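Peer 1: just need the structure, nothing else, for what follows:
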Amino acid sequence: MTSRQRFSVAAVQMASGPHVDANLQEAGRLISKACRAGASLVALPENFAFMGYTESDKLKVAEPDGVGVIQDFLSAQASSHGIFLVGGTVPLSTASGTKIRPAVPVYGPDGKRWGCYDKIHLFDVEVAPGEAYRESEVQQGGHEPLLLDTPLGKIGLGVCYDLRFPELFRELAKQGMELLVLPSAFTAVTGEAHWNILVRTRAVENLCYVVAPDQGGYHVNGRETHGESMVVDPWGGVIDSLPSGSGIALGEVDLQRLHEIRSRFPALGHRKL
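Peer 2: Okay, here's the model as predicted:
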């Protein structure tokens, strides 16, 4: 498949709440803003459509795979703007009825779904005294990496906590990944300590562009997320970032430059293990 060599991408930053309609309205506003700025690919953050008061609240808004208000919204936005749209994460229902799949659907300019990645690594940690997360209680993790061969290059996907597991992205790099998209909802504590360095490291070690949309701000449930959504180039340079608040980080992807860097600095071909 022939890829476009240069195009703009946007990482959307939000502070989502417990009302799907309001979140979709805000996402639509920011997608339109990104498209007016020339973005051909727009990526939404993790949990863009819903952040409830508890993890189990996701069960109330879970959708069957391929059907539902959130998925219909994403398809319509992609087709109406003629873009590739990475749909943050969508809570998809499972056969058990007691867990959801944290899924990242990707829609093309025709509104059709090109693929769907299920978050592999679930966030079961205590980030600070009194601040603990147990995603596995309500979420069912995936098992397979996903690389999409698109007119915008070869796109790999990850979600938030996945960022800490470099073997996932090395596998995608082995498959030819040129652009990594990483919807996230990093906590304020872990984001301040690790977000910037981890996002840039994934770009450097895989010699790829990274589009990292993050939740950013204070949420109705009392949670605070880090923000600093960014677009990073294969040399680790931050093309654009948004420290806080709702908005977008916008950057240009130049696949010719990417392959020139890989040609001059062929670290991916020097792997020994």
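
Peer 1: what's the local residue count around the closest residue to Glu137 other than its chain neighbours?
Peer 2: Leaving aside its sequence neighbours, Glu137 sits nearest to Glu55 (Cβ to Cβ, 6 or more residues apart in numbering; 6.2 Å). (C-beta placed from N, C-alpha, C; glycine too.) Counted with other Cβ atoms under 10 Å, the neighbours of Glu55 add up to 16.

Peer 1: and Glu55, how far from Arg257?
Peer 2: Taking Cβ to Cβ, to the nearest Å as the measure, Glu55 falls 41 Å from Arg257.

Peer 1: swap in Gln140?
Peer 2: Separation of Gln140 from Arg257 (Cβ to Cβ): 39 Å.

Peer 1: give the contact list for the residue minimising distance to the centre of the chain.
Peer 2: For the chain, the residue nearest the mean C-alpha position is Pro183 (1.9 Å; Cα atoms, centre = their mean). For Pro183, the contact set (Cβ atoms under 8 Å, 6 or more residues apart in numbering) comprises 43-46, 48, 86, 88-89, 104, 159-160, 213.

Peer 1: look up how far Lys272 lies from it.
Peer 2: 32 Å.

Peer 1: give me the pLDDT for the residue nearest to Glu137.
Peer 2: Glu55 carries a pLDDT score of 89 in this model.

Peer 1: OK, contacts around it?
Peer 2: Glu55 is in contact with 133-135, 137-139, counting by Cβ under 8 Å, 6+ apart.

Peer 1: which of those lies closest to Ile197?
Peer 2: Tyr133 (20.8 Å; Cβ to Cβ).

Peer 1: which element is that closest one on?
Peer 2: If you go by DSSP states H and E, Tyr133 is part of strand 131-134.

Peer 1: the helix or strand just after that strand - what's its average pLDDT?
Peer 2: Next in sequence after strand 131-134, counting helices and strands by DSSP H and E, comes strand 147-150. Confidence for strand 147-150, expressed as mean pLDDT, is 98.

Peer 1: give me the mean pLDDT for the helix or strand just after strand 147-150.
Peer 2: For strand 147-150, the following helix or strand on the C-terminal side (DSSP H and E) is strand 153-157. Across strand 153-157, the average pLDDT comes to 98.

Peer 1: sheet partners, orientation included, of strand 153-157?
Peer 2: strand 147-150 (antiparallel), strand 179-181 (parallel) (DSSP bridges).

Peer 1: residues of the shortest one that come out buried?
Peer 2: It stands for strand 179-181. 179-181 (16 or more other Cβ atoms under 10 Å).

Peer 1: cool, and the longest one?
Peer 2: Going by neighbour count (16+ other Cβ under 10 Å), the buried part of strand 147-150 is 147-148, 150.

Peer 1: okay, the residues you listed in JSON lines with distance to Ala62 next?
Peer 2: Listed next are those as JSON lines, based on distance: Cβ to Cβ, whole Å:
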{"residue": "Leu147", "distance to Ala62": "26"}
{"residue": "Leu148", "distance to Ala62": "24"}
{"residue": "Thr150", "distance to Ala62": "28"}
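
Peer 1: which one of these is nearest Ala34?
Peer 2: For the buried residues of strand 147-150, the nearest to Ala34 is Thr150 (17.4 Å; Cβ to Cβ).

Peer 1: where does this structure have low pLDDT?
Peer 2: Along the chain, segments meeting pLDDT under 70 span 1-3.

Peer 1: helices of that one, residue ranges please.
Peer 2: Along the chain, the stretches classed as helices by DSSP state H are 20-36, 58-61, 69-81, 166-174, 188-190, 196-206, 255-264.

Peer 1: what is the first one packed up against?
Peer 2: Pointing back at helix 20-36 there. On a contact count with 3 or more Cβ pairs under 8 Å, 6 or more residues apart in numbering; DSSP states H and E, helix 20-36 meets strand 6-13, strand 39-43, helix 69-81, strand 247-254.
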